[in-house]
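Visitor: what shape does this take:
(2 chains)
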Number of protein chains: 2
Amino acid sequence: MPELRKDPIVGRWVIIATERGKRPTDFRTEADDLSKEGCPFCEGSEGKTPSEIFAIRNPHTHANTSGWEVRVVPNKFPALRIEGEMEKMGVGIYDRMNGIGAHEVIIETPRHDQKMEMHSIESLAKVFEAYRVRIKDLENDLRLKYVLIFKNEGSSAGASLTHPHSQLIATPITPKRVKEELVGAQQYFEYKDRCVFCDILVEEQRAKLRTVYENEHFLSFCPFASRFPFEIMVLPKRHDPDFHTLSSNEILGFSDVMRVTLAKLAKALNKPQYNFVLHTGPIRWKRRGYWTTIDQDYHWHVEIMPRLTKVAGFEWGSGFYINPTIPEEASKFLQEAEV
Amino acid sequence: MPELRKDPIVGRWVIIATERGKRPTDFRTEADDLSKEGCPFCEGSEGKTPSEIFAIRNPHTHANTSGWEVRVVPNKFPALRIEGEMEKMGVGIYDRMNGIGAHEVIIETPRHDQKMEMHSIESLAKVFEAYRVRIKDLENDLRLKYVLIFKNEGSSAGASLTHPHSQLIATPITPKRVKEELVGAQQYFEYKDRCVFCDILVEEQRAKLRTVYENEHFLSFCPFASRFPFEIMVLPKRHDPDFHTLSSNEILGFSDVMRVTLAKLAKALNKPQYNFVLHTGPIRWKRRGYWTTIDQDYHWHVEIMPRLTKVAGFEWGSGFYINPTIPEEASKFLQEAEV
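Guide: Okay, here's the model as predicted:
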């Protein structure tokens, strides 16, 4: 059973994933398997993954066989496990709890080389439909507080398999970074009686200095205080704390903005490695009959972070980021990349 | 002039280092200069760096010539600049300020290949003496709030030159990560009337499960909630918020604990790349005649973070870390490494 441990100074929870099998000596060499040979995510290799949790597939086909478009399976080396009791305890002066949660892989395509930006709008919309279905399902687990979906593209972005996939980790604790956004957004709302994300949307549409791409439902832009060169935020125009309330039409719009934005990034910077994270509202009691302010003050979004610079001691030690690229220049460069 | 920009959601400040010359196209290839040929930090190449700010050198030698043991120079490509006015302004709904601060390089040795753990105790103590002198000096600048010293060892840890050096960045804002520690330590003190770091020290000495090395003045150990495999904290036994109040005798003890701890790391993991950061108390008004609680509740320390795993989307998006190595196993492995 993995365990969660709490840092007694800053209150940060860490997952000690004891079952991932990294013994001290394992770090001496670390090689990624980037070949198509033996890829467990390709069509025809369904038996190499744990049993599928969800799939969008030809109705005449069976689970765990060919004939699918998107497939969701449990991670074979999960950081958190869905089975077990939510035990919390003290250890000396420290705090720990069992590593309850979920760790799933969303296989975006049966084709080994079809990057996210190479999908059609309709086909990519099915990937995001899978996100939505999984978030909605996991919300019913009373032990969970948050569902985080993210993507690691490329080995320096942390991917250990090249076949296009996203990941989902559901946690029994609201993650620190999300909590910071929730607190910040709430403070802003208390002060201004407006959503900070809605204000950013208006400001970006007015200034037109950092836009990457815009369609009917979404805006993508380089944030004013970007931590990384070419960092991009994708913001829905309709205020909503939760990703999974998207209409089918909005999902097509989301598919469009993601496709174009990622294609521009690939074109402008020659297919950089990147991470993206989906920040949606936390699982909350409101949906179980209690009231919170989150519906008014929080606004779901995606953060895309190309891995172009190295994060070093200063960033780790300070939480301060040094970004050598002016966001206004980055967005201009991306705007001009024709796709 | 570099600028500081504030994220309107979480309040994180970012340095946009416009003068570091990273144009969009510069990211297409990025190679480090790791050779001894033309190294600007070697003895005899003093003319290749900006003029020295401080040096420990043979009294019969002149500044910016050979004959030194430790040498501090301004960073040639500074993230922040010491010259200029502390101008703060709004830009649309956003906040920015001029990038005032200091960015210095502490060249630890005239010898290109002398890693930190290869120094004698006395010789390494001179490096830490340079840290102390620079912190004390920068505290007199009323525009500054914090002095962060850190080290990037190896190119994946962010070092662009191999010659052993540490860096110092002084900022006009208390960095977010430090503020989190200050707030956490203060809350703990309010609740328990004890310093959380002192309590950790007692707990680690009692449990003896995570110790790496101990001497009269210092303890190094793998933290209970380590974010990274083989993460190590070095904690002084005497409670003090500030590094620069160390006595000469204590500096020798610090030199010993750092040497042995880094040597164990090098031995056990075959010279891994790493970062370390020195977290000392912020520059504060108390020293200028005002009172704060920091003297009671904060405790300086060093965090050593080997770069063994890749930080990916999940970590960036959540602030949650997945650590595949149990701290109790890591410390055992380090204890057993004979140096």
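Visitor: my understanding was that A:Leu80 contacts A:Met1; is that so?
Guide: No - taking contacts as C-beta atoms under 8 Å, A:Leu80 lies outside contact range of A:Met1: 9.5 Å. C-beta coordinates here come from the backbone N, C-alpha and C atoms, glycine included.
Visitor: shared neighbours of these two, which are they?
Guide: Jointly contacting A:Leu80 and A:Met1 under the rule C-beta atoms under 8 Å, 6 or more residues apart in numbering or on different chains are A:Gly99.
Visitor: what's the longest helix in chain A?
Guide: Ranked by residue count and defined by DSSP state H, the top helix of chain A is helix A:248-268.
Visitor: does chain B sit close to that helix?
Guide: Yes - applying C-beta under 8 Å from any C-beta of the partner chain, one finds helix A:248-268 touching chain B at A:Ala268.
Visitor: please apply the same query to stretch A:82-97.
Guide: Yes - using C-beta under 8 Å from any C-beta, stretch A:82-97 reaches chain B at A:Val91, A:Gly92, A:Ile93, A:Tyr94.
Visitor: give me the buried subset of those.
Guide: Burial by neighbour count, judged by 16 or more other C-beta atoms under 10 Å in any protein chain shown, picks out A:Ile93, A:Tyr94 from the residues of stretch A:82-97 next to chain B.
Visitor: centre of the chain to the worst-scoring helix or strand of chain A on mean pLDDT, how far?
Guide: Taking mean pLDDT, DSSP states H and E as the measure, helix A:313-318 is the helix or strand of chain A with the lowest mean score, a mean of 76. Offset of helix A:313-318 from its chain centre (C-alpha atoms, centre = their mean, to the nearest Å): 23 Å.
Visitor: cool, and stretch A:265-283?
Guide: Computed by C-alpha atoms, centre = their mean, the chain-centroid distance of stretch A:265-283 equals 8 Å.
Visitor: next, the distance between the ends of it.
Guide: 32 Å (C-alpha to C-alpha, to the nearest Å).
Visitor: repeat that for stretch A:140-152.
Guide: Using C-alpha to C-alpha, the two ends of stretch A:140-152 sit 27 Å apart.
Visitor: what mean pLDDT does that stretch get?
Guide: For stretch A:140-152, mean pLDDT is 93.
Visitor: chain center to it, what's the gap?
Guide: In terms of C-alpha atoms, centre = their mean, the gap separating the centre of stretch A:140-152 from the centre of its chain is 10 Å.
Visitor: same thing with stretch A:85-102?
Guide: On C-alpha atoms, centre = their mean, the centre of stretch A:85-102 falls 25 Å from the chain's centre.
Visitor: list the buried ones in it?
Guide: Neighbour-count burial for stretch A:85-102 flags A:Ile93, A:Tyr94, A:Asp95, A:Arg96, A:Met97, A:Asn98, A:Gly99, A:Ile100, A:Gly101, A:Ala102 (criterion: 16+ other C-beta under 10 Å).
Visitor: let's see which of those end up in helices.
Guide: Among these, no member falls in helices (DSSP H).
Visitor: redo those residues as CSV? Include pLDDT.
Guide: CSV is the format used below for the buried residues of stretch A:85-102 (pLDDT from 0 to 100):
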residue, pLDDT
A:Ile93, 94
A:Tyr94, 96
A:Asp95, 94
A:Arg96, 94
A:Met97, 93
A:Asn98, 92
A:Gly99, 91
A:Ile100, 93
A:Gly101, 94
A:Ala102, 95
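Visitor: could you work out the most separated pair of those?
Guide: A:Ile93 and A:Ala102 (30.2 Å; C-beta to C-beta).
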